[in-house]
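# How does the following fold in three dimensions:
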Amino acid sequence: MAVRVNINKLCKSFGSLNVLDNWDLNISAGERLVLLGPSGSGKTTFLRLIAGLESPDSGQISLNTDKIAFVFQEPRLIPWRNVSDNLLFVRPDADIEGILAQLRLSGFEDYFPGQLSGGMQQRVNLARALVTEPDLLILDEAFSSLDLPVKLEIMQDLLEHWQDKHFTMVSVTHDLKEALCLADRILILSPRPAHIAYDFGVTLGEQRHFSDPELLRLESQLLGLLLQK
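You can find the predicted model right below:
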């Protein structure tokens, strides 16, 4: 079941460094939200706060689940466990065959991380998150280090899984096309101390392509808003 996230007057600092400034935000159940903004604007800090990896200085974060999965930029797989055992480590009763097939990993069950390419490792990393059947999936620049063809394939696999399960998804990226492919809604953040400068609804169908003229038009709009900050 997807989770709704409610944020009320959220603030976070690290010493004298004020990072997030008085955020109010609601994320609907099943929504796909992407955060864009300059480096150091608190995007990753926000992800860590809603995942429970950091505590706010003030304000409230309300979500009614502990089924949260976090996909980092680096795969962070257990090197001495093969692909199957990496997934079974997080969920011993997992449907290994099903999730590996969906993420194009069938036949790689017995491979160790060091035997896989970077793109394949990130597929395993995503599979390990999805096999827990999360209500909330958090992606922190999960595809930024991948070559374009690999990135497109993995994002398509992820979106097909989302269409089947409709979990809530919150992502951070610096890639505008990636944001438009993944999101129902995009938040553009100000420089630190960050506040939500723009709330941008994505008016695209479910089948999205980097070369789609409408996607390119929205990309131009996003770029214009980012350059104003």
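# rest of the way, CA atoms for contacts and neighbours
OK.
# what helix or strand is the residue nearest to Asn6 when sequence neighbours are not counted on?
Spatial nearest neighbour of Asn6, chain neighbours left out: Asn26 (4.6 Å); criterion: C-alpha to C-alpha, 6 or more residues apart in numbering. If you go by DSSP states H and E, Asn26 is part of strand 17-27.
# Could you check how far the helix or strand just after that strand is from the centre of its chain?
Going down the chain from strand 17-27, the next helix or strand is strand 32-36, by DSSP H and E. Offset of strand 32-36 from its chain centre (C-alpha atoms, centre = their mean, to the nearest Å): 8 Å.
# who does strand 32-36 pair up with?
According to DSSP bridges, strand 32-36 forms sheet pairs with strand 168-172 (parallel), strand 185-189 (parallel).
# Need the winner for burial among those strands.
For those, the largest average neighbour count (mean count of other C-alpha atoms under 10 Å) is found in strand 168-172, namely a mean of 24.
# Now do the same for the residue nearest the centre of the chain: its pLDDT.
In the chain, the residue lying closest to the centroid (C-alpha atoms, centre = their mean) is Leu139, at 2.2 Å. The score at Leu139 is 96. That number is its pLDDT.
# Name the helix or strand for it, please.
Using DSSP H and E, Leu139 falls in strand 136-140.
# before we move on, what about Gly107?
For Gly107, there is no enclosing helix or strand under DSSP H and E.
# before we move on, the earlier item: of the strands paired with strand 32-36, which is nearest Gly201?
strand 185-189 (4.6 Å; C-alpha to C-alpha).
# now the helix or strand just after the closest one against strand 17-27, angle please.
The helix or strand immediately downstream of strand 185-189 is strand 196-201, counting by DSSP H and E. Interaxial angle of strand 196-201 relative to strand 17-27 (axes from the mean of the first three to the mean of the last three C-alpha atoms, to 10 degrees): 30 degrees.
# so Ser39 sits in a strand?
No. Secondary structure assignment (DSSP: H, G, I helix; E, B strand; the rest coil) places Ser39 in coil, not in a strand.
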